[in-house]
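1. Attaching a predicted model along with its sequence, questions to come.
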Amino acid sequence: MKAKRKEEIITFKVDHALSRAMQGIPNRSAFIRSAILAALEDTCPLCMGTGLLEPDQRKHWELFSKTHVVETCEECDATHIVCRVQRGDTVSD
């Protein structure tokens, strides 16, 4: 029989405006969990949302960026990473 995983309780403070905005939500815990999971889904996999790379991450990014480039899509205007090798570009060190 598997042991039941214990849930962890995390609390945080909100300002008055946010508290009032959430008053009509029937299950605020479920709403907050859903919002956090959605935000984590959109978090940069390298910086984990900090906006900064650690020195070791920077080394990996520099190696990766030799064969990849950040571009803007002409159709939807979204920024994305393109593999230069797969596209057939000439790549030099």
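-> In hand now; what should we look at?

2. export the helix or strand containing Gln86 as PDB, just CAs?
-> If you go by DSSP states H and E, Gln86 is part of helix 84-87. Included here for helix 84-87 are C-alpha records, laid out as PDB according to Å, rounded to 0.1, in the frame of the first residue of the first chain:
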ATOM      1  CA  ARG A  84      21.100  27.500 -37.500                       C
ATOM      2  CA  VAL A  85      22.400  24.000 -38.400                       C
ATOM      3  CA  GLN A  86      19.000  22.600 -39.000                       C
ATOM      4  CA  ARG A  87      18.100  25.600 -41.100                       C
END
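
3. how far does that helix sit from the chain's center?
-> Offset of helix 84-87 from its chain centre (C-alpha atoms, centre = their mean, to the nearest Å): 25 Å.

4. Report the secondary structure state of Val69.
-> Here Val69 is recorded as strand under DSSP: H, G, I helix; E, B strand; the rest coil.

5. Wait, it touches Val85, no?
-> No - Val69 is beyond contact range of Val85, at 10.8 Å (criterion: C-beta atoms under 8 Å). Placement of C-beta: from N, CA and C, glycine included.

6. tell me the average confidence for the top helix by length along the chain?
-> Longest helix in the chain, counting residues (DSSP state H): helix 28-41. Averaging pLDDT along helix 28-41 gives 91.

7. Please identify the buried residues of that helix?
-> Residues of helix 28-41 classed as buried: none (neighbour count, 16 or more other C-beta atoms under 10 Å).

8. Please tell me how far it is from the chain's geometric centre.
-> The chain centroid and the centroid of helix 28-41 are separated by 13 Å, computed with C-alpha atoms, centre = their mean.

9. Over to stretch 25-41?
-> Distance, stretch centre to chain centre, for stretch 25-41: 15 Å (C-alpha atoms, centre = their mean).

10. hey, C-alpha coordinates of that stretch in CSV?
-> Below are the C-alpha coordinates for stretch 25-41, written out as CSV (Å, rounded to 0.1, in the frame of the first residue of the first chain):
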residue,chain,number,x,y,z
ILE,A,25,-13.7,33.3,-5.8
PRO,A,26,-15.3,30.2,-4.3
ASN,A,27,-12.1,28.1,-3.9
ARG,A,28,-9.2,30.6,-3.6
SER,A,29,-6.7,27.8,-2.9
ALA,A,30,-7.5,26.0,-6.1
PHE,A,31,-7.5,29.3,-8.0
ILE,A,32,-4.1,30.2,-6.6
ARG,A,33,-2.7,26.7,-7.3
SER,A,34,-3.9,26.9,-10.9
ALA,A,35,-2.5,30.4,-11.4
ILE,A,36,0.9,29.4,-10.0
LEU,A,37,1.1,26.3,-12.2
ALA,A,38,0.1,28.4,-15.3
ALA,A,39,2.8,30.9,-14.4
LEU,A,40,5.4,28.2,-14.0
GLU,A,41,4.5,26.7,-17.3
